[in-house]
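**Q** Need a 3D model of the following:
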Amino acid sequence: MEWFNLGDSINMLGLAGAVVILALTIFIVGGYIKKMKDSKADGELAEEEWDGIKEFKNDIPIGWGVTYLVLIIWALWYWFVGYPLNSYSQIGEYNEEVKAYNAKFEEKWQNIDVETLTKMGQNLYLVQCSQCHGVTTEGINGTAANLLEWGKEEGIIRTMKEGSKGLGYMLGDMLPMSETAPGVLNTDEDYKAVAAYVMAEISEAKKTKYPDLVAKGKELFSVATCNACHGDDGKGMDGMAPDLSKYGTPAFVAEVLEKGKKGHIGIMPSFKSQMLTDKQKEALAHFIYSDKN
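**A** Next up is the predicted model:
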């Protein structure tokens, strides 16, 4: 029987541990049963008394002390020398296999064309993201973020109006602009102007639907104190806040995937580990930013 293969050091260690635990259990239980039969109420009593009841001043039983010491020594050996670090790990083997597969995947699709990359992103999206964001990426009526707005002015406008809950930056969550800069952004045009400035001059996308509003947006960006967190150049002041130059680029999608996001209606888990390769994250970005209509 494979599970009882004593040639496997893990099986042997598990069996030895089971035998020791069984022997200790029999010894200790037997000792207590004997003590229950033979012991008498004698010994030195403590001075404290509760309703006429006192407790004995007893030292810790030698068997208990020895058992604690042995378990502490064994635990230190187990953690620093034994099984976890120096023996076979099924999880470790899986991670190595995934790492090797991902390397082959990246090499195979290194020169993929944009159309195929977008189709790859669509397939990944349907498997990994559509459960929350919907098949058409619109967020299922507020269940999750509306990805149709990602990388566009509409996404910036929504964030300014509703705020944003965390990607784990040092400066924390972003509150709605109506709370952080009341009376500054008063019209829809004001919000569009700031979004236009971010898209045209800060983001590496370098394009906006509202080119006539860029100059106004540049002024409002400072007046509305956006630069207090994002910096005058919008790059987030060395990780203190989101780097707006990534907005509308695959790097923005990759950052959200790696960090996860605490939204207004729940938590998006991180895809930081080997779940997605760099090429797959790029593919997802191409699909999200593509014209899906």
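
**Q** In stretch 44-52, which of the residues would be classed as buried?
**A** For stretch 44-52, a neighbour-count test (16 or more other Cβ atoms under 10 Å) marks nothing as buried. (Glycine included, C-beta is placed from N, CA and C.)

**Q** where in this protein is pLDDT low?
**A** Within the chain, the ranges that satisfy pLDDT under 70 run 1-8, 41, 83-88, 273-274, 292-293.

**Q** How is it divided into domains?
**A** Domain ranges of the chain: 45-86, 113-289, per the TED database.

**Q** Could you look over those and pick the most buried one?
**A** domain 113-289 (a mean of 17; mean count of other Cβ atoms under 10 Å).

**Q** How far does that one sit from its chain's centre?
**A** Put simply, domain 113-289 sits 18 Å off its chain's centre (Cα atoms, centre = their mean, to the nearest Å).

**Q** So for it, first residue to last residue, what's the gap.
**A** Start-to-end span of domain 113-289 (Cα to Cα, to the nearest Å) is 16 Å.

**Q** quick one: buried residues of stretch 14-25?
**A** Residues of stretch 14-25 include none that count as buried (16+ other Cβ under 10 Å).

**Q** that older thread, let's have the domains of the chain in TSV, adding distance to K104.
**A** Shown next, in TSV, are these (distance: least, Cβ to Cβ, whole Å):
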stretch	distance to K104
domain 45-86	28
domain 113-289	10
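
**Q** Tell me which of these sits nearest to L15.
**A** Among the domains of the chain, domain 45-86 comes nearest to L15, with 13.5 Å by Cβ to Cβ.

**Q** All the strands of the stretch 151-293 of the chain, residue numbers only.
**A** Secondary structure of the stretch 151-293 of the chain by DSSP state E, counting those that start in this stretch: the strands cover 261-262, 267-268.

**Q** Make JSON lines from these and add distance to M275 to it.
**A** JSON lines is the format used below for the strands of the stretch 151-293 of the chain (distance: least, Cβ to Cβ, whole Å):
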{"stretch": "strand 261-262", "distance to M275": "15"}
{"stretch": "strand 267-268", "distance to M275": "13"}
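
**Q** Can you tell me which of these is nearest to M36?
**A** strand 267-268 (52.5 Å).

**Q** and for that closest one, what are the contacting residues?
**A** By Cβ atoms under 8 Å, 6 or more residues apart in numbering, the surrounding residues in contact with strand 267-268 are 132, 144, 256, 260-262.

**Q** Please convert the residues you listed to a markdown table, extending it with distance to W109.
**A** Formatted as a markdown table, the contacts of strand 267-268 follow (distance: Cβ to Cβ, whole Å):
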| residue | distance to W109 |
| --- | --- |
| C132 | 26 |
| A144 | 28 |
| V256 | 22 |
| G260 | 25 |
| K261 | 26 |
| K262 | 32 |
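
**Q** Looking at those, spot the one nearest F105.
**A** Nearest member of the contacts of strand 267-268 to F105, counting by Cβ to Cβ, is V256, at 21.3 Å.

**Q** Apart from its chain neighbours, what residue comes closest to W150?
**A** In space, and not counting its chain neighbours, W150 is closest to I288: 5.5 Å by Cβ to Cβ, 6 or more residues apart in numbering.

**Q** What are the neighbouring residues in contact with the one you found?
**A** 121, 125, 137, 147, 150-151, 253.
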